[in-house]
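Student: this is a predicted model, with the sequence first.
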Amino acid sequence: MGIQIQTMANYLYIKDMEKNSSDYSNQQDSCQGNCHFYNDMGNGTIFADDTSLDIKFTNFTFNSDGVDDFTNALSIGSFSTGLQSDLTKILEISGRDNANATRRPKMIVIWGVNETDSDAAIEEGIDNAISGNPIQTDQQVYIVNENGEHYLGTFDKTTVYLNQTWLFNYVLSDESFLNVPSLFTVLNVWENRSLTYSDIVSQVESFINGTIY
């Protein structure tokens with residue numbers, strides 16, 4: 001975001017703002033600035049934060065609240081955030097016209113993840129649930145269910161723990177779902193698409209924790 005720390009700040013929050021400059025009138029007396037904006041920035045939902053700023057420049061990754069708010073804003077064309085920090089410290093926040101292009105604020109939006117990122121996210125989710133368990137890549141699986149129906153598919157990641165197996169497949173835009181069913185609690189299949197990295201990690205971890213016995 002092009003934020004330069006001159007002295008140590010205790011915290012910096014990026015928060016939701018309900019309104020913008022067209023909604024608030026100028027106010028110059030009680031707080032030597034616009035109190036409406038100050039209050040709006042102070043009471044918003046936290047989208048990202050750093051509580052131990054000790055580097056010259058820093059980037060922030062929105063949490064799920066920030067991602068959801070941004071996604072909802074796409075349909076109305078308006079998205080606002082505010083910064084809240086320790087007011088006894090000094091921060092330099094560069095504008096879009098800063099002569100040094102590397103210091104200009106920018107927002108990078110990654111919609112979904114690619115295959116490399118999804119593989120890493122699945123592995124992270126597995127490790128969060130069953131730490132250190134072996135993980136296989138591009139494992140081909142052939143099963144026959146209780147009705148005699150046959151299924152064949154290659155999964156991005158698989159892991160076996162005791163007598164249970166989990167199969168994970170993240171479906172890219174040019175791919176189709178394998179639609180391989182789970183078999184009781186012995187074989188557990190997860191497939192999904194159009195997720196963020198953190199969503200994949202969370203879903204994989206929750207899926208294992210919800211099916212392990």
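Tutor: Cool, the structure landed. This one's a predicted model, so the numbers in the text were calculated from it and none came from an experiment. Residues are numbered from 1 along each chain as shown.
Student: ok now the longest strand seen in the chain, how far from the chain's centre?
Tutor: When the chain is parsed with DSSP state E, its longest strand is strand 150-161. Distance of strand 150-161 from its chain centroid, counting by Cα atoms, centre = their mean, to the nearest Å, is 26 Å.
Student: in this structure, where is pLDDT below threshold?
Tutor: For the chain, the stretches with pLDDT under 70 are 1-10, 27-33, 52-57, 86-90, 110-112.
Student: show me where it has helices.
Tutor: For the chain, helices defined by DSSP state H occupy the ranges 35-42, 64-73, 115-129, 197-211.
Student: contacts only, for the nearest residue to Tyr170 once chain neighbours are set aside.
Tutor: Nearest residue to Tyr170, sequence neighbours excluded (Cβ to Cβ, 6 or more residues apart in numbering): Ser118, at 3.7 Å. For every residue, glycine as well, the C-beta is placed using N, CA and C. If a contact means Cβ atoms under 8 Å, 6 or more residues apart in numbering, then Ser118 has 156, 170, 172, 195, 197, 200 as its contacts.
Student: pull out the buried residues from these.
Tutor: Burial by neighbour count, 16 or more other Cβ atoms under 10 Å: within the contacts of Ser118 this picks out 156, 170, 195, 197, 200.
Student: and the second one, how far is that from Val180?
Tutor: Yep, that's Tyr170 we're talking about. Distance, Tyr170 to Val180, by Cβ to Cβ, to the nearest Å: 14 Å.
Student: who does the closest residue to Phe60 other than its chain neighbours bridge with?
Tutor: Leaving aside its sequence neighbours, Phe60 sits nearest to Ala48 (Cβ to Cβ, 6+ apart; 3.9 Å). Counting by DSSP bridges, Ala48 is bridged to Ile14.
Student: could you report the neighbour count for Ala48?
Tutor: Neighbour count for Ala48, taken as other Cβ atoms under 10 Å: 17.
Student: returning to that earlier point: now flag whichever of the contacts of Ser118 is closest to Asn98.
Tutor: For those, the minimum distance to Asn98 (Cβ to Cβ) is 29.4 Å, reached by Tyr197.
Student: ok, Trp166 - contacts?
Tutor: Going by Cβ under 8 Å, 6+ apart, Trp166 touches 126, 158-160, 188-190, 207-208, 211.
Student: could I get the contacts of Ser118 as TSV with distance to Gln84?
Tutor: Listed next are the contacts of Ser118 as TSV, based on distance: Cβ to Cβ, whole Å:
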residue	distance to Gln84
Asp156	40
Tyr170	36
Leu172	38
Leu195	30
Tyr197	26
Ile200	30
